[in-house]
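Quick one, structure for this:
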Amino acid sequence: MTPVEYHLHLPETITCGAVFSSPHSGRDYPAAFLQESVLDSVAIRSSEDAFVDELFGAVTDFGAPLLCASAPRAYVDLNRGIDELDSAVIEGVRAFKGNPRVASGLGVIPRVVSEGRALISGKISINEAEARLERYYTPYHDQLGDLLQTARAAFGQVLLVDCHSMPHEAVANVSGMFGRAPDIVLGDRFGSSCDNAFVEEIESFLKQEGFRVARNTPFAGAYIAQAYGRPSSGQHCVQIEIDRSLYLDEKTVTKSDRFDDVRRSLGRVAAQICQLTDWPMQMAAE
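Numbers count the residues shown, from 1 in each chain. Alright, predicted model coming up:
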């Protein structure tokens, strides 16, 4: 069976100006990639936003599209620039200086997963890297761009909700509400990717469900927020990072007993976001 470039879930009718994306929940691991990796089948998934696509699966019931990765983040990272190539893992590539993501091994073709664990023992060819980008990266971003353009044309503006999860250790020492670590971190690149009014509303929706919420620390938004968040042009992007320990056994990458409760809570938040973006349709030009 030929792998698909991405998974696009559409409502019967698009009724709001929200678009949801999940660029790191892909779990279609190519057999050759698994054979080449020095990691076992669980460790290789440690950088995956496991099941985030399912956590937000209800958005189509509320009139919004959901675009999800098929390829895993360890294979190609859709939340990076296409030029963020790492010379330490791709042969024939010049060193990409001044980029902390690439330097840490988390370029568009990752060198490592969480805790800095190397994926393979050597390098891949530039041809292999380009093939991954052509097969998965470009189609995903082309589709995301089309969804945003269509929504903005229909409603005059668009809100992209970029859905992610984070290891519990990433926020374990972050002080949040009542001096405890946040459950969810909203990233708007410190106000540059999304109008603050939308972020305020989303934060209030999450708090109504009992989540502790922080902003921009330790995750303010990466490539997708930077590339697509243009509030002055009516195109907003907010990143949502969910503590994986809320719904996942991180050691086995399996759903915990709380998965359905978290999914229902986020479903109610998604419904409110869709109501928030239920803007009047724009009249077509005569």
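
residue boundaries of the helices in the stretch 101-250 of the chain?
Taking DSSP state H, counting those that start in this stretch as the test, the helices found in the stretch 101-250 of the chain are 126-132, 138-155, 168-171, 196-208, 223-228.

which of the residues in the last one are buried?
When you say that, I think you mean helix 223-228. For helix 223-228, burial by neighbour count (16 or more other C-beta atoms under 10 Å) applies to Tyr223, Ile224, Ala225, Gln226, Tyr228. All C-beta spots, glycine's among them, are computed from the backbone N, C-alpha and C.

Can you list the helices and strands that that helix packs against?
helix 138-155, strand 158-166, strand 235-243 (3 or more C-beta pairs under 8 Å, 6 or more residues apart in numbering; DSSP states H and E).

could you redo the last one with a cut-off of 10 Å?
If you count contacts as 3 or more C-beta pairs under 10 Å, 6 or more residues apart in numbering; DSSP states H and E, helix 223-228 packs onto strand 18-22, helix 138-155, strand 158-166, strand 235-243.

Can you tell me which of those is nearest to Leu8?
helix 138-155 (6.4 Å; C-beta to C-beta).

what comes up buried for that closest one?
Neighbour-count burial for helix 138-155 flags Tyr140, His141, Gln143, Leu144, Leu147, Leu148, Ala151, Arg152, Ala154, Phe155 (criterion: 16+ other C-beta under 10 Å).

got JSON lines for those residues, with pLDDT and distance to Gly122 too?
JSON lines is the format used below for those (pLDDT from 0 to 100; distance: C-beta to C-beta, whole Å):
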{"residue": "Tyr140", "pLDDT": "98", "distance to Gly122": "27"}
{"residue": "His141", "pLDDT": "98", "distance to Gly122": "28"}
{"residue": "Gln143", "pLDDT": "98", "distance to Gly122": "33"}
{"residue": "Leu144", "pLDDT": "98", "distance to Gly122": "32"}
{"residue": "Leu147", "pLDDT": "98", "distance to Gly122": "38"}
{"residue": "Leu148", "pLDDT": "98", "distance to Gly122": "38"}
{"residue": "Ala151", "pLDDT": "97", "distance to Gly122": "43"}
{"residue": "Arg152", "pLDDT": "97", "distance to Gly122": "44"}
{"residue": "Ala154", "pLDDT": "97", "distance to Gly122": "48"}
{"residue": "Phe155", "pLDDT": "97", "distance to Gly122": "49"}
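
could the residues you listed go into CSV alongside distance to Ala131?
Compiled in CSV, the buried residues of helix 138-155 are given as follows (distance: C-beta to C-beta, whole Å):
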residue, distance to Ala131
Tyr140, 15
His141, 16
Gln143, 19
Leu144, 21
Leu147, 25
Leu148, 26
Ala151, 31
Arg152, 32
Ala154, 35
Phe155, 37
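
Go through the residues you listed and say which is closest to Val253.
Tyr140 (22.3 Å).

Would you agree that closest one is in contact with Tyr6?
Yes. Under the criterion of C-beta atoms under 10 Å, Tyr140 makes contact with Tyr6 at 4.8 Å.

what touches both of the two?
Ser21, Pro23, Gly26, Leu67, Cys68, Ala69, Ser70, Ala71, Leu78 (C-beta atoms under 10 Å, 6 or more residues apart in numbering).

Next one: the last one relative to Phe155, how far apart?
This means Leu78. 25 Å (C-beta to C-beta, to the nearest Å).

what sits against the closest residue to Arg94 other than its chain neighbours?
Among residues not flanking Arg94 along the chain, Ser87 sits closest, at 6.3 Å (C-beta to C-beta, 6 or more residues apart in numbering). Shown in contact with Ser87 (C-beta under 10 Å, 6+ apart): Val93, Arg94, Ala95, Phe96, Lys97, Val102, Gly107, Arg111, Lys123.

Repeat that for Arg215.
Taking C-beta under 10 Å, 6+ apart, one finds 176, 182, 184-188, 190-191, 196, 199-200, 203, 238 in contact with Arg215.

residues near the closest residue to Ala64 other than its chain neighbours, how many?
Nearest residue to Ala64 in three dimensions, chain neighbours excluded: Ala18, at 4.4 Å (C-beta to C-beta, 6+ apart). Ala18: 28 surrounding residues under other C-beta atoms under 10 Å.
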